[in-house]
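Student: Sequence first, then the predicted structure, then my questions.
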Amino acid sequence: MYVLVTGGLGYIGSHTVVELIKEGKKVIILDNLSNSDLSNLENLETLTNESIIFEHCDIRDKRKLQSLFEKYKIESIVHFAGLKYVEESFINPIEYIDVNINGTINIIEVCKKFKIKNLVFSSSATVYGKSNPPLKENIKIEKPLNPYGYSKYICEELIRMSQKEIISTSITILRYFNPIGAHKSGLIGEKITDYSSNIMPNILLVADGKKDFLIINGNNYDTKDGTTIRDFIHVVDLANAHAKALNNNKAGLNIYNVGTGSGYTILELLQTFQDVNNTKLNINFGKNREGDIISSFADSTKIKTELYWSPSYTLADMCKDSWNYYKNQNKRKNTIY
């Protein structure tokens, strides 16, 4: 029996594939390669010493998606596939609705039709909107502040409304916070593209001299140094949370935060990166970014108690592993920056 990992060649998906195979799971990767690279498949096979089945497919292609369940004995799904950039979601909101929501509807349909045992949905802390931290899973969800967060919120609601129709399935929604870092091997990590708006890819480009300076979106927030506060989590810790969620056979719908529970300002992140990597970052301050909130960090008590998960990596580890991956990719010339 297989685990289907949608978006399995992407940043979080690829690290989760490694964790699943370490636990003895047989994995099928589905990806349309819109935000990933086929070279990641070779890297994953090197890391796991396994031959991994790959299917090139867009989750909006309902016919092809269903054909995979007819072809393979798929027992579980870990669903990552979707668009993920907050800034880009303001530019292309309809595309975000199409890919993230319609794609998830297709995943729900195959869960019902093929009686999938476990579904793990990769959601986001952006669904919490302006709620005050520490953020708990049972707080009332206000309107998300950007189209990306809204698309994740709608996906959660669709899964919630459909759970009675797929009652045999154990459903887990993971609301993760700010993943950074990379696998210590330097073989897999976050792909850098022209539209990467996440902070770590831009830190790496500035550290390497590919960009003249890093623009920090605002320095007048009500925090210790004027910059926003975020809960940064190592991507391997996040991947491990998905693996634990897949092993959770608790019936019905279960929602967990995945974060360290500690908030760091953006300037604290930058200082840590410079300290552990012995480098200097040029910084400029820009305007406050639309859709940003002052502070966001998790209350992760529930996942620690119920799934026995806890983070293993520090902020220094995240910064060190990100830089190691970036340098290694430049050496291997697998990715063009």
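Tutor: Great, that's in hand. Numbering: from 1, shown residues only.

Student: what's the spacing between Ala81 and Asp222?
Tutor: 37 Å (C-beta to C-beta, to the nearest Å). Every C-beta, even on glycine, is put in place using the N, C-alpha and C of the backbone.

Student: Which one's more surrounded, those two?
Tutor: Set Ala81 next to Asp222 and count neighbours by other C-beta atoms under 10 Å: Ala81 wins out with 28 against 7.

Student: Quick one: list the elements packing against the helix or strand of the chain with the lowest mean pLDDT.
Tutor: Lowest mean confidence among the helices and strands of the chain (mean pLDDT, DSSP states H and E): helix 86-91, at a mean of 89. Helix 86-91 sits against helix 147-162, with contacts defined as 3 or more C-beta pairs under 8 Å, 6 or more residues apart in numbering; DSSP states H and E.

Student: if we can go back for a sec, list the buried residues of the least confident helix or strand of the chain.
Tutor: For helix 86-91, a neighbour-count test (16 or more other C-beta atoms under 10 Å) marks Val86, Glu87, Glu88, Ser89 as buried.

Student: Wait, Glu290 touches Phe90, no?
Tutor: Yes. Using C-beta atoms under 8 Å, Glu290 is in contact with Phe90, at 6.5 Å.

Student: okay, and the common contacts of these two?
Tutor: Asn146 (C-beta atoms under 8 Å, 6 or more residues apart in numbering).

Student: Low-confidence bits of the stretch 1-150 of the chain, can you list those?
Tutor: Scanning the stretch 1-150 of the chain for pLDDT under 70 picks out no residues.

Student: Which strand or helix spans Arg175?
Tutor: strand 170-176 (DSSP states H and E).

Student: and if you look at Lys320?
Tutor: helix 315-332.

Student: returning to that earlier point: next SSE after the strand holding Arg175?
Tutor: strand 178-180.

Student: now for that following strand, which elements pack on it?
Tutor: Using 3+ C-beta pairs under 8 Å, 6+ apart, strand 178-180 sits against helix 199-207, strand 232-234, helix 235-246, helix 315-332.

Student: Which elements pack onto the third one?
Tutor: If I follow you right, that is helix 235-246. Helix 235-246 packs on helix 11-22, strand 74-79, strand 118-124, strand 170-176, strand 178-180, strand 252-258, going by 3+ C-beta pairs under 8 Å, 6+ apart.

Student: Select, out of these, the one closest to Glu50.
Tutor: Distance to Glu50, taken as C-beta to C-beta, is lowest for helix 11-22 among these, at 5.6 Å.

Student: How many neighbouring residues does the residue nearest to Tyr128 when sequence neighbours are not counted have?
Tutor: Leaving aside its sequence neighbours, Tyr128 sits nearest to Leu135 (C-beta to C-beta, 6 or more residues apart in numbering; 5.0 Å). When neighbours are defined as other C-beta under 10 Å, Leu135 has 22 of them.

Student: Just confirm Leu135 contacts Gly129, I think it does.
Tutor: No. Assessed by C-beta under 8 Å, Leu135 is found out of contact with Gly129, at 10.0 Å.

Student: related to what we said a few turns ago, in TSV, list the helices and strands packed on strand 178-180 along with mean pLDDT, distance to Lys191 and mean neighbour count.
Tutor: Formatted as TSV, the helices and strands packed on strand 178-180 follow (pLDDT from 0 to 100; distance: least, C-beta to C-beta, whole Å; neighbours: other C-beta atoms under 10 Å):
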stretch	mean pLDDT	distance to Lys191	mean neighbour count
helix 199-207	94	8	22
strand 232-234	98	17	25
helix 235-246	97	12	25
helix 315-332	92	9	20
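
Student: Which one, of these, ends up nearest to Ile108?
Tutor: Across these, closest to Ile108 is helix 235-246 (C-beta to C-beta), at 17.2 Å.

Student: Please enumerate the strands of the stretch 1-150 of the chain.
Tutor: Here the stretch 1-150 of the chain has its strands, by DSSP state E, counting those that start in this stretch, at 2-6, 26-31, 53-56, 74-79, 118-124.

Student: export those to CSV and tack on mean neighbour count?
Tutor: Output for these, formatted as CSV (neighbours: other C-beta atoms under 10 Å):
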stretch, mean neighbour count
strand 2-6, 25
strand 26-31, 22
strand 53-56, 16
strand 74-79, 23
strand 118-124, 24
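
Student: Serialize these to CSV and add fields for distance to Lys112.
Tutor: As requested, these are arranged in CSV below (distance: least, C-beta to C-beta, whole Å):
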stretch, distance to Lys112
strand 2-6, 15
strand 26-31, 18
strand 53-56, 21
strand 74-79, 12
strand 118-124, 11
